[in-house]
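Asks: Below are the sequence and a predicted model for it; my questions follow.
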Amino acid sequence: MSQGIWIALGLVLILEGIGPLLAPNAWRNLMAQLSQQPDNQLRRLGGCLVVAGAVITFMLL
């Protein structure tokens, strides 16, 4: 079980690193735009990402 968590963490880090690796200026602009969004909109986005991740995980198990 713990090996699966480490693999998942590694995959998340790989996916998170692709943006700044391939397109650093676009990634910086995206982060600047996200930092200017209201808290409620960021919470909604985070909630959607959590639900999508849970659904994908559930479908693969």
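Replies: Received it, and whenever you're ready, just let me know what you need.
Asks: CA only for contacts and neighbour counts going forward, please
Replies: Fine.
Asks: Helix or strand: which one has the most centrally placed residue in the chain?
Replies: By CA atoms, centre = their mean, the mean C-alpha position of the chain lies nearest to E16, the distance being 6.5 Å. E16 is part of helix 2-22, with elements assigned from DSSP states H and E.
Asks: Over to L30?
Replies: Per DSSP H and E: L30 is located in helix 24-35.
Asks: Give me the residues contacting the next helix or strand after that helix.
Replies: Using DSSP H and E, the helix or strand that follows helix 24-35 in sequence is helix 39-60. Contact partners of helix 39-60, identified using CA atoms under 8 Å, 6 or more residues apart in numbering, comprise L34.
Asks: Work out the gap between stretch 27-35 and the centre of the chain.
Replies: 14 Å (CA atoms, centre = their mean, to the nearest Å).
Asks: what's that stretch in contact with?
Replies: 19-20, 42.
Asks: Please determine how far the nearest residue to P20 once chain neighbours are set aside is located from G10.
Replies: Leaving aside its sequence neighbours, P20 sits nearest to W27 (CA to CA, 6 or more residues apart in numbering; 5.7 Å). In this view, W27 and G10 are 20 Å apart by CA to CA, to the nearest Å.
Asks: ok, those two, which is more surrounded?
Replies: Shown here are W27 and G10; by other CA atoms under 10 Å, W27 has more neighbours (15 against 12).
Asks: For the protein, give me the ranges with low pLDDT.
Replies: Across the chain, the ranges flagged by pLDDT under 70 are 1.
Asks: now with 90?
Replies: Residues of the chain that meet the criterion pLDDT under 90 lie in 1-9, 53, 56-58, 60-61.
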